[in-house]
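Visitor: Just need the structure, nothing else, for what follows:
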Amino acid sequence: MNNYYRTILINLHRIIYYVTRTRLWKLHWDRHSEEERYAAAREMISKMNRSMGYKTIAYGTENLPKEGGYIMYPNHQGKYDVPGILASHDKPCTFVMDEKKSHIILVNEFLELVEGKRLMMDNLRQTMRIFQEMAKEVGEGRKFILFPEGGYKENNRNIVETFKAGSFKVAQMAKAPIVPVALVDSYLVYNSDHKGPTTTYVYFLEPIDYEEYKGLKTVEIASIVENRIKEKIKEHMAAQA
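Guide: Residues are numbered from 1 along each chain as shown. Model (predicted):
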C-alpha cells in the first residue's frame, strides 16, 4: 500500500469529518469567508501531515508580493505539491488541476474549499475560458498555483520536465507578477516507494513583474522560469550533498 492510501486509511475518521463539513458548508458558501475556508484546508493538511510524520520547510516567503494577485508556477512532482505550497502560504490561494483527477474523494472537497479550477486538458476552448476567468480573478487580487509541466511522473527524483509555454498566457492576460516556486522531495510523500517520515522543501523565488516580461514570448518566459527553478533545485541538492 502506498503512502497516499495509507494516509487515507489512517485518517479515515478525519476525512469523513472534513468531507461532511465541506459538503454542508457548500450549501451556504456565503456564510463562510475565503479566509475561513482556506484555514480549514490548511488545518486538514496539518493534521494529515502530523499523523504521518510529513514536514514541509519553506524558504523565500518574503519574496511573495505583499499586495494584489499573482500566479505561482512550480515544478510538478506529485499529489503533495499543492498541500506543500498551501501549508507554506499564509494568505488564501488556490490552484488549477486536471478535471479528470479532480473528483477523487477529499481532493474534490479540497479543491472546492479553496474554489480551485478544473482544467480539461484536451479541450482548448474550455482551457481558454478558465484562463480568462483566472486572469480576471488575479486582477481582483486572487493568487493561483499553475503547474507549467502539465502532469508529473511517478518517482520524480526532483527532475524538472520542459515547461509548456501556453500556461504563461494567463500571466500575460492578467499582467500579474509571476512567482517561480521550486519544490524539492515533494514526490517522496505520495508518489514514490518511500515510507516513513518525510521532509519536503518549498522555495518561493523572486517574482518576475509584468514590466520585466511583457515584451517576451511565452516560450521565453517559460524558459526563464524553468531555468530558475532548476538552478534552485541544483543549489539545494549541492547543499545537501
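Visitor: Next up, the contacts around Tyr80.
Guide: 54, 186-187, 189-191, 200 (C-beta atoms under 8 Å, 6 or more residues apart in numbering). C-beta coordinates here come from the backbone N, C-alpha and C atoms, glycine included.
Visitor: Where do the helices of this structure begin and end?
Guide: For the chain, the helices defined by DSSP state H cover 3-10, 12-26, 34-52, 81-88, 107-113, 124-139, 169-174, 187-190, 210-213, 218-240.
Visitor: where's Tyr5 relative to Tyr17, distance?
Guide: 19 Å (C-beta to C-beta, to the nearest Å).
Visitor: the more surrounded of the two?
Guide: Tyr17 (13 against 10; other C-beta atoms under 10 Å).
Visitor: Could you measure from the more buried one over to Ile221?
Guide: Applying C-beta to C-beta, the value for Tyr17 to Ile221 is 42 Å.
Visitor: got it, and Asp81?
Guide: In terms of C-beta to C-beta, Asp81 sits 21 Å off from Ile221.
Visitor: Tell me which of those two has more neighbours.
Guide: Asp81 (27 against 24).
Visitor: Just to check, that one is in contact with Asp185?
Guide: No: counting by C-beta atoms under 8 Å, Asp81 does not reach Asp185; the two are 11.0 Å apart.
Visitor: ok, how many other residues are close to Val107?
Guide: With other C-beta under 10 Å as criterion, Val107 counts 15.
Visitor: And Thr61, by the same measure?
Guide: Neighbours of Thr61 (other C-beta under 10 Å): 12.
Visitor: mind checking pLDDT for it?
Guide: Predicted confidence (pLDDT) for Thr61: 98.
Visitor: Make sure it is actually in contact with Ile85.
Guide: No: here Thr61 lies out of contact with Ile85, judged by C-beta under 8 Å, at a distance of 11.0 Å.
Visitor: about what we covered before: please name whichever of the helices of the chain is nearest to Asn155.
Guide: Nearest to Asn155 among the helices of the chain is helix 187-190 (6.5 Å), distances taken as C-beta to C-beta.
Visitor: Packing partners of the closest one?
Guide: Counting contacts by 3 or more C-beta pairs under 8 Å, 6 or more residues apart in numbering; DSSP states H and E, helix 187-190 packs against helix 3-10, strand 198-204.
Visitor: got the ones you listed as a markdown table, with distance to Ser102 and mean pLDDT columns?
Guide: Converted to a markdown table, these look like this (distance: least, C-beta to C-beta, whole Å; pLDDT from 0 to 100):
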| stretch | distance to Ser102 | mean pLDDT |
| --- | --- | --- |
| helix 3-10 | 15 | 91 |
| strand 198-204 | 22 | 98 |
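Visitor: now, of the ones you listed, which is deepest in the fold?
Guide: With neighbours taken as mean count of other C-beta atoms under 10 Å, the helices and strands packed on helix 187-190 reach their highest mean count in strand 198-204, at a mean of 21.
Visitor: At the geometric centre of this structure, which residue do we find?
Guide: In the chain, the centroid-proximal residue (C-alpha atoms, centre = their mean) is Val82; its distance is 3.4 Å.
Visitor: partners of the closest residue to it other than its chain neighbours in the sheet?
Guide: Nearest residue to Val82 in three dimensions, chain neighbours excluded: Phe95, at 5.0 Å (C-beta to C-beta, 6 or more residues apart in numbering). Residues in a beta bridge with Phe95, per DSSP bridges, are Ile145.
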